[in-house]
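Asker: One predicted model, sequence on top.
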Amino acid sequence: AVVSTQSTGTVKTADLEFSSPFQLQIGTPSKLTAFVIHFSCYFDGEVSVVLDTSPECEPTHWLQTVLYLKSPVLVSEGSLVQGNVTFTKSSAVKRGYIIKLDGSISQDNEELGKFCQQYYLH
């Protein structure tokens with residue numbers, strides 16, 4: 001799920017703090033243990049360049065961020081994971097972020113579990 005799209009040409013510091021809903025449908029029975037965050041940057045010019053840190057792309061020196069859940073949750077095909085992710089700049093560390101994940105997992109309109117965690121990236 002895309003949680004934010006920013007233009008490198010116009011983005012302001014205030015734009016880097018945001019909250020966004022997300023929704024993911026599980027395709028394979030499994031254990032949900034973590035969420036992965038990655039980004040893509042598009043540079044247009046005479047030669048266009050894409051810096052993509054998604055797991056499907058060739059590795060770069062930039063990596064994905066893995067947000068592990070305290071308690072893994074068993075999910076089935078068709079389970080719905082939905083919630084909200086909030087990015088807040090750290091007041092203690094200039095380039096740091098606080099990421100809050102808050103959501104639930106359901107199957108056929110029955111709630112299977114909830115999660116609410118904060119992560120400190122410094």
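Answerer: Good, I have the coordinates. Residues are numbered from 1 along each chain as shown.

Asker: Any stretches of this structure with poor pLDDT?
Answerer: When residues are selected by pLDDT under 70, none of them lie in the chain.

Asker: Tell me which stretches of it form strands.
Answerer: Per DSSP state E, the chain has strands spanning 18-25, 30-37, 40-43, 49-52, 65-75, 80-89, 97-107, 110-121. These are given in chain order.

Asker: could you check the distance from the spatially most central residue of the chain over to Pro29?
Answerer: With distances taken as Cα atoms, centre = their mean, Ile37 lies nearest the centre of the chain, 3.9 Å away. Using Cβ to Cβ, to the nearest Å, we find Ile37 at a distance of 24 Å from Pro29. Any C-beta I mention is one placed from the backbone N, CA and C, and that applies to glycine too.

Asker: Same check on Asp102?
Answerer: According to Cβ to Cβ, Asp102 and Pro29 sit 24 Å apart.

Asker: between these two, who's got more neighbours?
Answerer: More neighbours surround Asp102 than the other of Asp102 and Pro29, with 14 against 11 (other Cβ atoms under 10 Å).

Asker: Cool, thanks, talk later.
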